[in-house]
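*Asks:* Here's my sequence, what's the structure:
(one chain, ligands or ions: 1)
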Amino acid sequence: MRSSLLLLSVAAGLTGWAQEPSALLQDPAVKAALEAAKRNEPRFIEEEVRICEIPAPPFHETERGRELQGLFNGLGLKDVRMDKAGNVIGVRPGRSAHPNLVFSAHLDTVFPEGTDVKVTREGTLLKGPGIGDDCRGLVVMLATIQALNDGRVQMPGTITFVADVGEEGLGDLRGVKNLFADSLKGQIDKFVSVDGTGLGMTNVGVGSMRYRVTYKGPGGHSYGAFGMANPIHAMGRAIAKIADFEVPTDPKTTFNVGRVGGGTSINAIPFEAWMEVDMRSADVASLKALDDKFNAAVRAAAEEENRRWHNRGKLTVSPELVGLRPAGQTPANSAIVQTALGVSHALGIEETLHEGSTDSNVPMNLHIPAITISGGGKGTGAHSLNETFDTADSWRGTQRAILLAIALAR
Ligand SMILES: [Zn+2]
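*Replies:* Predicted structure coming up:
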């Protein structure tokens, strides 16, 4: 989970939507499942530590994935498999194949290979890279399957559990993209991802586009070859244009030149200059408009530099898209958000809606009902080596996930 912002607080009142999840609490099987969740929590915290000590660096999630595959089988899921992207998929059939709820958490971490992933403990505080994001989500998913089994909960609809790859950074949501484009194409009616810690909910998916732009020319001696186009000068022109972009504040739309490089020597006209640029918005049209402006600016900068030197040492520019997270949102008044709010209300959880960039971005962009919930407990330092997860009352997050799964698989 990345950069989540508080959007609004929702005071859960006794309105219509709150009725159905509350009524579910009267069902003996549901009650039994929720009790099991609380009872099983200490065991699943042990699991959280164990799973988190299996490294899952970006693009290398297979070992942790194989472990989840074994656990899915052990919990009795059907048709357990790993798809070609590396997602681990397992089905809990209901009375009917639809609605089919995908309930997911991501396998990958932001930490490179070789990172020490040992988890340490002090009281209720666990410390280790990835312990909250997203070992917590993986374990809430497992605890949900176990509790549904323990309560012998029969559901009208089907739940497909997925431990997915590539949520973080340049993973670029490739796991969930593959679910919707290939392995579960056309079969997903609703989507929930459990990501990170706390008791929040994300219904707005901030999209992002990331580019690496390279300017190239012949280069030469700064004195002897003077009079030819200069890739760094061209890139400077581009950055000046980008820096002056006007973007909407609502929906919040952003741009950043984050890294630059190039050149070989103070007395050489460089043959190459490059920059990395990140642009974001939760609004599809605003992100598209910004992207168009950006591409026009980097090309215009190359043309201006070439014209300035009458095409001597003519340079070229190639903007390469290195990251694309689609934008989208699930409206606050949609059935899935209202049901989720009702679930939280029924369990006495005061709900807040957030925006962020998570696996749910993909279904949100496709207009498939989707939200991301966090997994309970309290976390600090996500994406840092000092990440912590406080397990005090973390069972509340597990219970919320379970009741939500039950409420949506119908
Ligand atoms: Zn995450």
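*Asks:* What values do phi and psi take at the residue nearest the centre of the chain?
*Replies:* In the chain, the residue lying closest to the centroid (Cα atoms, centre = their mean) is T358, at 2.3 Å. Main-chain torsions, T358, degrees, to the nearest 10: phi -140, psi 180.
*Asks:* Look up the closest residue to it, ignoring the ones flanking it.
*Replies:* Once flanking residues are discounted, T358 sits nearest to T372: 4.2 Å by Cβ to Cβ, 6 or more residues apart in numbering. Where C-beta positions appear, they are placed from N, C-alpha and C, glycine not excepted.
*Asks:* Also A33?
*Replies:* The shortest distance from A33 to any non-neighbouring residue, by Cβ to Cβ, 6+ apart, is to G151 (3.0 Å).
*Asks:* isn't the one you found right up against D27?
*Replies:* No. Counting by Cβ atoms under 8 Å, G151 sits too far from D27 to count as a contact (9.0 Å).
*Asks:* Of those two, which one has the most company?
*Replies:* Comparing G151 with D27 by neighbour count (other Cβ atoms under 10 Å), the higher total belongs to G151, at 21 against 13.
*Asks:* That one and the ion: what is the separation?
*Replies:* G151 sits at a distance of 28 Å from the ion (criterion: Cβ to the ion, to the nearest Å).
*Asks:* Give me the pLDDT value at the nearest residue to T380 once chain neighbours are set aside.
*Replies:* Setting aside the residues directly before and after it, T380 is nearest to T388 in space (Cβ to Cβ, 6+ apart), at 4.9 Å. T388 carries a pLDDT value of 98.
*Asks:* ok, T388 - how many residues close by?
*Replies:* The local packing of T388 (other Cβ under 10 Å) involves 20 other residues.
*Asks:* what's the answer for G258, then?
*Replies:* G258: 10 neighbours (other Cβ under 10 Å).
*Asks:* Give me the nearest residue to G397, chain neighbours excluded.
*Replies:* Closest residue to G397 apart from its sequence neighbours, by Cβ to Cβ, 6+ apart: G376 at 1.5 Å.
*Asks:* circling back: which residues pair with the residue nearest to T380 across the strands?
*Replies:* Applying DSSP bridges to T388 gives these bridge partners: K127, T380.
*Asks:* how about the residues of the stretch 51-200 of the chain near the ion?
*Replies:* For the stretch 51-200 of the chain, the residues in contact with the ion (Cβ under 5 Å from the ion) are D133, D134, D195.
*Asks:* can you redo the residues you listed as TSV with pLDDT?
*Replies:* TSV is the format used below for these (pLDDT from 0 to 100):
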residue	pLDDT
D133	96
D134	97
D195	98
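*Asks:* In those, which residue is surrounded by the most others?
*Replies:* For those, neighbours were counted using other Cβ under 10 Å, and D134 has the most, 34 neighbours in all.
*Asks:* Quick check: it touching V110?
*Replies:* No. Between D134 and V110 there is no contact under Cβ under 8 Å: 10.3 Å.
*Asks:* Show the contacting residues for A225.
*Replies:* G219, I269, G313 (Cβ atoms under 8 Å, 6 or more residues apart in numbering).
*Asks:* Can you tell me how far it is from the ion?
*Replies:* According to Cβ to the ion, A225 and the ion sit 49 Å apart.
*Asks:* who's in contact with the residue lying closest to L315 once chain neighbours are set aside?
*Replies:* Nearest non-adjacent residue to L315, counting by Cβ to Cβ, 6+ apart: G217, 3.6 Å away. Under the criterion of Cβ under 8 Å, 6+ apart, the neighbours of G217 are M228, A229, N230, P231, I269, P270, F271, E272, G313, K314, L315, T316.
*Asks:* what about the fourth one, how many neighbours?
*Replies:* P231: 27 surrounding residues under other Cβ under 10 Å.
*Asks:* next one: the third one
*Replies:* N230 has 24 neighbours, counted by other Cβ under 10 Å.
*Asks:* helix, strand or coil for the closest residue to F180 other than its chain neighbours?
*Replies:* In this structure, F180 finds its nearest non-sequential neighbour in V362, 5.7 Å apart by Cβ to Cβ, 6+ apart. Under DSSP: H, G, I helix; E, B strand; the rest coil, V362 falls in the helix class.
*Asks:* V362 is in contact with A327, isn't it?
*Replies:* No. With contact defined as Cβ under 8 Å, V362 does not reach A327; the gap is 10.5 Å.
*Asks:* Could I get the full set of strands for the stretch 251-400 of the chain?
*Replies:* Applying DSSP state E, counting those that start in this stretch to the stretch 251-400 of the chain gives strands spanning 253-262, 268-269, 272-281, 316-325, 328-329, 352-357, 370-373, 378-380, 388-390.
*Asks:* ok, the third one: who's next to it in the sheet?
*Replies:* In other words, strand 272-281. Using DSSP bridges, strand 272-281 pairs in its sheet with strand 207-216 (antiparallel), strand 253-262 (antiparallel).
*Asks:* These: which one's closest to the ion?
*Replies:* Nearest to the ion among the strands paired with strand 272-281 is strand 207-216 (14.8 Å), distances taken as Cβ to the ion.
*Asks:* residues in contact with the residue lying closest to G198 once chain neighbours are set aside?
*Replies:* Once flanking residues are discounted, G198 sits nearest to S374: 4.4 Å by Cβ to Cβ, 6+ apart. Contact analysis of S374 by Cβ under 8 Å, 6+ apart lists M1, R136, V194, D195, G196, T197, G198, L199, G200, M201, G397.
*Asks:* still on that earlier bit, run a quick neighbour tally on the residue nearest to G397.
*Replies:* By other Cβ under 10 Å, 28 other residues sit near G376.
*Asks:* need the contact list for it.
*Replies:* Listed by Cβ under 8 Å, 6+ apart, the contact partners of G376 are 136, 140, 197-199, 393-398, 400-401.
*Asks:* can we see that at 6 Å?
*Replies:* Contacts here follow Cβ atoms under 6 Å, 6 or more residues apart in numbering; on that basis G376 touches S394, R396, G397, T398.
*Asks:* can you pick the most crowded of these?
*Replies:* T398 (29 neighbours).
*Asks:* these two touch, right, that residue and A37?
*Replies:* Yes. With contact defined as Cβ atoms under 6 Å, T398 reaches A37; the gap is 4.6 Å.
*Asks:* quick one: the residue nearest to T380 from K127, how far?
*Replies:* Between T388 and K127 the distance is 5 Å, computed by Cβ to Cβ, to the nearest Å.
*Asks:* Lovely, talk soon.
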